[in-house]
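Chemist: coords please:
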Amino acid sequence: MSLLQGFPPVLPEHAHTLILGSMPGAASLSAGEYYAHPRNAFWPIMGALLAFDPALPYPQRVGQLRRHGFALWDVLGSCRRSGSLDTAIEASSMTPNPFAALLLEHPDLRRIFFNGSAAERIFRRHVLPGLQLPTDCRLQRLPSTSPAHAGLSFTAKLDAWRELLQ
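Modeler: All right, here's what the predicted structure looks like:
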């Protein structure tokens, strides 16, 4: 099993909110784009929340996130995994991204939202213990936009993701 490398962050200069996934899936890694799987609800949700067409070319979708102050990254910078499921990540291979440096360079980031429970669990276990977060920093899990998380309808996911606008 080869070592998978994640992407650099989408990081506007004055980001206020960081959205974290666990690690890009196979479709995303192949395309070189966050949330590239055609059934992933991330872009349709963000399009609905920020009033842009989720079918825009990738650079324009990313531009919409930047324009609204949303940063996008993954908890893991690298790991070994067969397939795309978070449950297939080899625990001993997890290397988190450098969050301490990111937060020092971007002091306006005061909200961290997790795209699903795996991102939150990995962050809390492998990142948070060594991280000094500002006391007013908000951490919140949102339902996964992954097509593997079929327990919620698109509408229910969209309603939960409205927290980003609060």
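
Chemist: What residues does Met94 make contact with?
Modeler: By CB atoms under 8 Å, 6 or more residues apart in numbering, Met94 lies in contact with Leu76, Cys79, Ile122, His126. From N, CA and C alone the C-beta is placed, and that goes for glycine too.

Chemist: From Thr17, how far out is the third one?
Modeler: Separation of Ile122 from Thr17 (CB to CB, to the nearest Å): 19 Å.

Chemist: Counting neighbours, go ahead and name the busier of the two.
Modeler: Higher neighbour count among Ile122 and Thr17: Ile122, with 25 against 20, using other CB atoms under 10 Å.

Chemist: That one contacts Ser22, doesn't it?
Modeler: Yes - counting by CB atoms under 8 Å, Ile122 touches Ser22, with 5.8 Å between them.

Chemist: which residues are in contact with both of these two?
Modeler: Both Ile122 and Ser22 are in contact with Val75, Leu76, where contact means CB under 8 Å, 6+ apart.

Chemist: the strands in this protein, which residues?
Modeler: Here the chain has its strands, by DSSP state E, at 3-5, 17-21, 70-74, 76-80, 95-96, 111-115, 138-142.
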